[in-house]
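>>> Below is the structure, and that's it, no one-letter string:
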């Protein structure tokens, strides 16, 4: 390990913390999420993987918007974690990806981009000052730097600083921190048809996210990754975290892959996140950060990064299949989008 490994790990921590704030806005607790990061740390070491897990905006927004209350959201993440653990343990992810195919996979991810952008626009509508400032800062920062870490840090810090300066805390913004849920308390089971359908949507998103983000991180590190192993420890992390009230932690595109020792840097990042969450520092920070400050990053991620890249690749493979999959995903959820794509491919 050297200083570059530590600096890369710290940069990814800086990127992950605002997305952790996003998780808090949907009622996921930070303290139990430390268990998920601890599982990820052990998993990366046990399987010698360079791909870490962390807060991932796509999963947080999907679970947060599909669950109608906190219990449903936690149960969606728990059930997703259990299924993905089985998929990873049995080595089923690669065959699943081959069955789905690139047109449907990219179409589904493009639809997720629309879901992210829609969540951002709803936040801006809810608070024009904070959300609008966050969006303007994020778009300008990304146009200048083409760097998502710079985008999320600048947009969140700037919009939060203005919010604090004009003292809008009590009138038109929603602080994300709720220390009352920062305990280890077993989540009660709440399983109904809506939770099952939402779980299928989350599973579909995870299948696409694990193969895409895990492979990209491995490519940056110039090191082969085993997506089934990543799926195994990210699934266990999800289930353990949400079982006690925490949020989802998934495969990400990680800057630790560019470090001289990518696996060590990834382990450092997850270890630092574990300590930050275990010390309950994130919700204390969140009490001074309006939830709408993340709107700009979500808009850039969904409308400028995820949607264009994936719809372009999908249309190259099969314009009709990718287009229909993207539209159905954006209008409903990733699972129904995938089903629509598979049926259409069969009919054509």
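Nice, thanks for sending it over. Small disclaimer: the values here were computed from a predicted structure and weren't measured.

>>> going forward, measure contacts and count neighbours with C-alpha atoms only.
Noted.

>>> Excluding sequence neighbours, find me the nearest residue to residue 45.
The shortest distance from residue 45 to any residue other than its chain neighbours is 7.3 Å, reached at residue 267 (Cα to Cα, 6 or more residues apart in numbering).

>>> what about the one you found, which helix or strand?
Applying DSSP states H and E as the criterion places residue 267 in helix 262-278.

>>> And the strands in this structure, which stretches?
Along the chain, the stretches classed as strands by DSSP state E are 53-54, 250-251.

>>> Kindly reformat those as a markdown table containing mean pLDDT and mean neighbour count.
Output for the strands of the chain, formatted as a markdown table (pLDDT from 0 to 100; neighbours: other Cα atoms under 10 Å):
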| stretch | mean pLDDT | mean neighbour count |
| --- | --- | --- |
| strand 53-54 | 92 | 30 |
| strand 250-251 | 88 | 28 |
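
>>> Nearest approach to residue 335 belongs to which of these?
Counting by Cα to Cα, residue 335 lies closest to strand 250-251 out of the strands of the chain; the figure is 17.7 Å.

>>> partners of the closest one, with directions?
Strand 250-251 pairs in its sheet with strand 53-54 (antiparallel), by DSSP bridges.

>>> Now do the partner strand: distance to the chain's middle.
Its chain's C-alpha centre lies 8 Å from the corresponding centre of strand 53-54 when counted by Cα atoms, centre = their mean, to the nearest Å.

>>> What is the neighbour count of the residue nearest to residue 45?
Around residue 267 sit 27 other residues, with neighbours defined as other Cα atoms under 10 Å.

>>> Find me the pLDDT at it, would you?
You'll see residue 267 listed with a pLDDT of 95.

>>> residue closest to the middle of this protein?
With distances taken as Cα atoms, centre = their mean, the residue of the chain nearest its centroid is residue 56 (1.6 Å).

>>> how close does residue 236 get to residue 248?
For residue 236, the distance to residue 248 under the criterion Cα to Cα, to the nearest Å works out to 10 Å.

>>> can you check residue 295 too?
Summarising the geometry, the distance separating residue 295 from residue 248, computed by Cα to Cα, is 19 Å.

>>> between residue 236 and residue 248, what contacts are shared?
When contacts are counted by Cα atoms under 8 Å, 6 or more residues apart in numbering, residue 236 and residue 248 are jointly contacted by residue 36.

>>> so where's the chain shaky on pLDDT?
Low-confidence segments of the chain, defined by pLDDT under 70, are located at 167-178, 216, 219-220, 287.

>>> before we move on, the earlier item: out of the strands of the chain, nearest to residue 278?
strand 53-54 (14.7 Å).

>>> From the rest of the structure, what touches the closest one?
16, 37, 40, 234, 249-252, 270.

>>> need those in CSV with distance to residue 144, can you?
Converted to CSV, the contacts of strand 53-54 look like this (distance: Cα to Cα, whole Å):
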residue, distance to residue 144
16, 21
37, 32
40, 33
234, 33
249, 29
250, 28
251, 27
252, 23
270, 29
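
>>> Roughly how far does residue 266 sit from residue 64?
Computed as Cα to Cα, the residue 266 to residue 64 distance reads 26 Å.

>>> same question, residue 206
Counting by Cα to Cα, the gap between residue 206 and residue 64 amounts to 15 Å.

>>> Ok, residue 333 next?
When Cα to Cα is applied, the distance between residue 333 and residue 64 equals 13 Å.

>>> How about residue 18?
Counting by Cα to Cα, the gap between residue 18 and residue 64 amounts to 16 Å.

>>> Relative to residue 30, how far out is residue 279?
Looking at residue 279 against residue 30, where the rule is Cα to Cα, the gap reads 10 Å.

>>> quick one: common contacting residues for those two?
When contacts are counted by Cα under 8 Å, 6+ apart, the set common to residue 279 and residue 30 is empty.

>>> Compare neighbour counts for these two and give me the winner.
Counting neighbours by other Cα under 10 Å for residue 279 and for residue 30 shows that residue 30 has the greater number, 31 against 14.

>>> count of residues packed around the residue nearest to residue 118 when sequence neighbours are not counted?
Closest residue to residue 118 apart from its sequence neighbours, by Cα to Cα, 6+ apart: residue 299 at 7.7 Å. The number of residues packed near residue 299 is 25, by other Cα under 10 Å.

>>> Check the contact between residue 63 and residue 78; I expect there is one.
No: under the criterion of Cα atoms under 8 Å, residue 63 is not in contact with residue 78, lying 10.8 Å apart.

>>> Please spell out which residues along the longest helix seen in the chain are buried.
Scanning the chain for the longest helix, with DSSP state H as the assignment, gives helix 193-221. In terms of neighbour count (16 or more other Cα atoms under 10 Å), helix 193-221 has its buried residues at 195-218, 220-221.
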